[in-house]
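Enquirer: Provide a 3D model corresponding to the input given below.
(one chain, ligands or ions: 2)
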Amino acid sequence: MDIARTPDMADAAPEPHDPVTIRREDYQPFGWLVPEVALDFDLGLETTRVTARLTLARNAKAPRAEAIRLNGDELEPVSVKRDGEVVNDWHRDGADLIVPLSGDAHALEIVTEVAPAKNTKLMGLYASSGMLCTQCEAEGFRRITFFPDRPDVLSTYRVRMSGDKATFPVLLSNGNPEASGEGDNGTHWAEWHDPWPKPSYLFALVAGDLVANSSSFTTMSGREVALNIYVREGDLPRTGHAMDSLKASMRWDEETFGREYDLDVFNIVAVSDFNMGAMENKGLNVFNTKYVLADPETATDADFDAVAGVIAHEYFHNWSGNRVTCRDWFQLSLKEGFTVLRDQLFSQYMGSDAVKRIEDVRVLRAAQFPEDSGPLAHPIRPDSYREISNFYTATVYNKGAEVIRMMRTMAGEEAFRKGSDLYFDRHDGEAATCEDFVRAMEDGAGLDLKQFRLWYSQAGTPKVRAQLTHEGNTATLHLSQIVPPTPGQPEKQPMPIPLKVALFDRASGERGEEHLLVLDKEEASFAFAGFAALPALSINRGFSAPVSIEREVAREELVFLAAHDDDPFARYEAMQDLIVGHLVDAIEGRLDEAQRAAGRADIAGALGAVLRDAALDDLMRGELLVLPGEGYLAEQQTVADPGKIHAERRALRAYLGAQLASDFTALYERAAKVPFALDAEASGARKIKTQALVYLAASDPARAAELAAQQYDMADNMTDRQGALMVLAGLDSPERTHKLLDFYNRYQGNALVIDKWFALQAGSLHPNVLEHVRALAKHPDFTLSNPNRVRSLYMAMAVNPQAFHAADGAGYAMIADLILALDPINPQTAARFVPPLGRWRRIEPLRAEQMRAQLERIAAAGNLSRDTQEQVARSLG
Ligand code: 0A1
Ligand code: ZN
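Expert: Ligands and ions are numbered 1, 2, ... in the order given. A predicted model of the protein is given here:
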């Protein structure tokens with residue numbers, strides 16, 4: 001046995017590392033190239049032994065180094081060999097291993113041992129219901145072996161693994177399978193080789209008792225690719241939709257971006273313990289079961305869409321992320337923003353273009369706008385971080401996608417494709433930067449993006465003021481912009497903001513030409529001739545820029561646009577603006593009774609028209625029926641009172657439910673007759689059916705409870721069943737208890753559906769929701785060790801305004817307790833609960849003080865993870 005360490009070294013505990021701030025401007029290329037990596041795994045759930053062999057060559061592009069720094073995290077070296085000889089001249093720097101190297105080329109062999117069953121962080125190699133799997137992005141590979149764990153070190157990997165055949169009948173890694181065979185004592189082994197150089201964060205290994213849904217795909221150049229989706233045996237019948245989505249993604253990427261798949265196999269594995277949605281490891285995507293498994297009995301229409309979207313997202317990373325990867329983690333949006341845009345375009349193509357765009361904007365406003373206006377605001381390309389896991393944010397992902405979408409809007413589809421082709425050509429096999437992408441777009445798409453680069457460096461959601469005036473036969477649009485100050489960025493420069501606009505003649509309802517205006521100064525005016533009277537303004541059509549538009553606009557104009565605008569997003573927006581304007585006035589106490597009545601009546605009129613408009617499809621009708629969320633309403637105020645927002649919004653829904661009761665009932669009855677199918681017509685019917693119930697529940701709870709119970713009993717699919725139970729969960733009716741119990745009994749043992757059961761109760765409108773959450777936390781099915789389960793209870797509560805913002809602060813205390821309990825188990829997931837508390841500066845003083853106090857309480861606890869510590873410090877700072 002190789003004993004490379006002296007006893008005194010073995011006893012010396014690694015120094016606890018101070019949390020260090022990493023800065024983008026400090027980037028240095030690594031001193032060594034690692035062209036080849038060979039990994040040998042002796043697999044065990046309790047202990048896995050890893051032998052890593054690295055070939056090293058000096059990097060001519062970096063300053064000369066006399067040693068190599070290999071990152072580690074909770075690792076001890078069992079042995080270190082340099083050029084075939086056991087050495088002990090290495091030393092530790094914190095968790096890292098430093099090995100002296102004097103020549104120009106070396107071979108290192110390092111043995112480590114890891115304990116997968118004890119790995120509750122779910123980073124590195126861990127056990128999940130009896131199988132072994134890995135998660136290496138961003139910095140998990142260093143929990144497996146000592147390695148330069150940075151995305152600009154690219155290597156080809158050869159992997160050999162052996163283990164007990166009964167425990168691990170399936171052995172998978174990246175690339176193509178090369179060989180396999182039987183070993184001693186009931187073991188077997190397999191070898192995999194990935195010919196494409198990749199960074200360590202794309203490494204993956206899976207070993208377990210799995211079965212596959214297998215199929216194949218013929219690529220555009222006629223190559224046959226074997227496709228496998230690996231799951232636990234009982235889950236096989238729920239993999240069909242994922243397989244269909246994968247094939248559709250592969251075809252779409254060929255047709256839309258000219259991207260072909262590049263290995264003989266493409267494997268997907270579903271695991272039930274996973275910190276995020278899924279991971280794009282080369283040739284071996286690892287997925288949270290939530291984004292693979294779907295059948296009508298256990299998954300809603302929204303779940304089906306989410307599966308298709310995530311399958312596409314991970315597949316598209318094969319080019320945007322893997323073939324062209326990131327130089328450093330500051331460039332994360334290079335792969336994530338682009339890939340989110342690609343999956344959004346795919347979903348627009350697969351389903352309803354308009355509805356998908358509206359949903360994406362809703363997500364942006366609910367998740368990214370608050371981030372951009374709070375203490376955690378950062379540019380899509382951040383300048384510094386302490387823990388990179390905290391930067392997998394809505395800003396990097398969703399705003400990142402909007403930024404690239406703006407380039408596409410300005411260039412047009414064809415030129416954009418030329419830009420993306422050039423980007424992939426130029427940087428294939430490289431670790432690139434956001435700047436490389438922008439340059440390829442300039443050169444390939446013919447855009448001038450000098451000023452546009454500000455979208456990468458400035459945080460904050462720009463506010464655009466718009467005012468339309470009219471004189472003679474000319475309408476003039478006056479635009480101005482403000483980019484608000486954000487942490488570390490007190491002063492901002494004006495950004496180029498592409499706005500699609502159109503003007504409507506109010507008398508005829510006719511629309512003039514659509515224009516793409518680019519506002520690139522603080523202020524600008526644009527004149528439009530040919531209007532005898534003041535037209536109606538449709539602005540930011542299709543949400544062409546991720547900004548908020550502020551304008552004085554008469555309610556009649558919004559009512560007009562809500563009925564006439566031919567841009568579906570703009571129509572939705574007019575409806576939202578109408579409601580937001582009224583609610584904010586009401587919340588801020590600006591309305592007397594008569595004004596309130598007039599405002600409500602206009603909304604009821606517009607909504608009634610939506611309910612009755614025969615030209616609308618139901619999926620789109622469903623979008624127009626959604627009331628603006630409480631978080632979005634809070635965003636419209638400098639300081640928000642969540643209690644008032646909740647009460648006003650709820651009262652408006654009750655009013656609308658009562659006022660339009662017969663329309664909602666008619667709609668409900670029509671929709672209830674549509675038989676189950678997975679097409680747009682039937683899923684549209686399901687969507688509006690439950691929405692009608694939600695409105696009716698607000699105005700006539702007893703009748704709604706009856707209808708919901710009936711819908712629950714008759715349901716032949718999860719969308720109807722979950723929708724009915726969601727309504728019941730918010731009501732105080734005996735049916736509530738019966739149906740919740742029935743649901744639990746019916747789906748006991750199906751973790752994803754039991755997650756829904758927790759989430760429905762924690763997200764409910766029931767007045768005792770916090771008591772329910774407290775009780776559910778003690779339920780035998782609840783555990784802190786499964787991230788899906790934790791999110792289903794506590795994230796559902798944290799985004800449920802009436803629970804989280806309970807006036808006595810009990811919601812805040814509960815989230816703080818959770819963070820403290822979860823942090824030692826799974827810091828990544830714990831840290832994701834900090835941002836809701838971090839909003840305190842924008843909340844009324846009594847609640848703000850309670851939120852801040854909970855953050856202080858967390859900060860005062862010793863031994864916080866770097867993840868949680870960074871988020872709490874930024875939230876208080
Ligand atoms: N790259 C993945 C996201 C991801 C990031 C970190 C993870 O660690 C737990 C897992 C997944 C994606 O964009 O899908
Ligand atoms: Zn991604």
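Enquirer: point out where the stretch 1-150 of the chain drops to low pLDDT.
Expert: 1-19 (pLDDT under 70).
Enquirer: wasn't Asp343 part of a helix?
Expert: Yes: counting by DSSP: H, G, I helix; E, B strand; the rest coil, Asp343 is part of a helix.
Enquirer: what is the neighbour count of it?
Expert: 23 (other Cβ atoms under 10 Å). Where C-beta positions appear, they are placed from N, C-alpha and C, glycine not excepted.
Enquirer: pretty sure it contacts His317?
Expert: No: when contacts are counted by Cβ atoms under 8 Å, Asp343 is not listed as touching His317 (9.5 Å).
Enquirer: now do the helices in the stretch 601-750 of the chain.
Expert: 618-624, 630-635, 642-659, 661-672, 680-699, 701-714, 718-729, 734-747 (DSSP state H, counting those that start in this stretch).
Enquirer: if I look at the closest residue in space to Ala807 that isn't next to it in sequence, how far off is Ala806?
Expert: Counting by Cβ to Cβ, 6 or more residues apart in numbering, Ala807 lies nearest to Gly643, which is 6.0 Å off, once chain neighbours are set aside. In this view, Gly643 and Ala806 are 9 Å apart by Cβ to Cβ, to the nearest Å.
Enquirer: quick one, what contacts the residue located most distally from the centre of the chain?
Expert: In terms of distance from the mean C-alpha position of the chain, Gly472 ranks first, at 49.4 Å (Cα atoms, centre = their mean). By Cβ atoms under 8 Å, 6 or more residues apart in numbering, the contact set of Gly472 is empty.
Enquirer: highest average neighbour count across the helices of the stretch 601-750 of the chain?
Expert: Across the helices of the stretch 601-750 of the chain, averaging neighbours per residue (mean count of other Cβ atoms under 10 Å) puts helix 718-729 on top, at a mean of 25.
Enquirer: run the angle between that one and helix 701-714 for me.
Expert: Counting by axes from the mean of the first three to the mean of the last three Cα atoms, to 10 degrees, helix 718-729 lies at 150 degrees to helix 701-714.
Enquirer: what does helix 718-729 contact?
Expert: The contact list for helix 718-729 (Cβ under 8 Å, 6+ apart) reads 296-303, 683, 686-687, 689-690, 693-694, 697, 704-705, 708-709, 711-712, 714-715, 735-736, 739-740, 743, 753, 756, 760-761, 763-766.
Enquirer: near ligand 1, which of these show up?
Expert: With the criterion set as Cβ under 6 Å from any ligand atom, no member of the contacts of helix 718-729 is near ligand 1.
Enquirer: tell me the contacts of the nearest residue to Gly140 once chain neighbours are set aside?
Expert: Excluding its sequence neighbours, the residue lying closest to Gly140 (Cβ to Cβ, 6+ apart) is Met123, at 4.0 Å. Contact analysis of Met123 by Cβ under 8 Å, 6+ apart lists 135-136, 139-140, 143, 275, 828.
Enquirer: any quick PyMOL command for the buried ones out of those?
Expert: Restricted to buried positions by 16 or more other Cβ atoms under 10 Å, the PyMOL selection for these reads:
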select buried, resi 135+136+139+140+143+275+828
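Enquirer: and ligand 1, which of the contacts of Met123 contact it?
Expert: Answer for these near ligand 1 (Cβ under 6 Å from any ligand atom): 135, 275.
Enquirer: narrow the contacts of Met123 to those in helices?
Expert: Gln828 (DSSP state H).
Enquirer: now do the helices in the stretch 451-600 of the chain.
Expert: 454-457, 555-564, 568-587, 593-612.
Enquirer: which strands and helices lie in contact with the third one?
Expert: Here helix 568-587 touches helix 353-363, strand 536-539, helix 555-564, helix 593-612, helix 618-624, helix 630-635, helix 642-659, going by 3 or more Cβ pairs under 8 Å, 6 or more residues apart in numbering; DSSP states H and E.
Enquirer: hey, what's the angle from it to helix 642-659? Just curious.
Expert: Going by the same axes, to 10 degrees, helix 568-587 makes 110 degrees with helix 642-659.
Enquirer: now do the contacts for Leu45.
Expert: Contacts of Leu45 (Cβ under 8 Å, 6+ apart): 116-117, 127, 130, 132, 167.
Enquirer: can you turn the buried subset of the residues you listed into a selection I can paste into ChimeraX?
Expert: In ChimeraX, a selection of the buried entries from these looks like this (16+ other Cβ under 10 Å):
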select :116,127,132,167
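Enquirer: ok, Ala830 to Ala816 distance?
Expert: In terms of Cβ to Cβ, Ala830 sits 11 Å off from Ala816.
Enquirer: revised request: answer the last question for Gly181.
Expert: On the measure of Cβ to Cβ, Gly181 and Ala816 end up 53 Å apart.
Enquirer: give me the more crowded residue out of the two.
Expert: Set Gly181 next to Ala816 and count neighbours by other Cβ under 10 Å: Ala816 wins out with 24 against 10.
Enquirer: give the burial count for the closest residue to the more buried one other than its chain neighbours, as a bare number.
Expert: Leaving aside its sequence neighbours, Ala816 sits nearest to Gln854 (Cβ to Cβ, 6+ apart; 3.9 Å). Neighbours of Gln854 under the rule other Cβ under 10 Å: 24.
Enquirer: which ones are touching Gln854?
Expert: 809, 812-813, 815-816, 837.
Enquirer: sec struct for His106, please.
Expert: His106 - assigned by three-state DSSP - is strand.
Enquirer: for it, list each beta-bridge partner.
Expert: Leu56 (DSSP bridges).
Enquirer: residues contacting it?
Expert: With Cβ under 8 Å, 6+ apart, His106 has these contacts: 55-56, 82-83.
Enquirer: neighbour-wise, which one of these leads?
Expert: Leu56 (23 neighbours).
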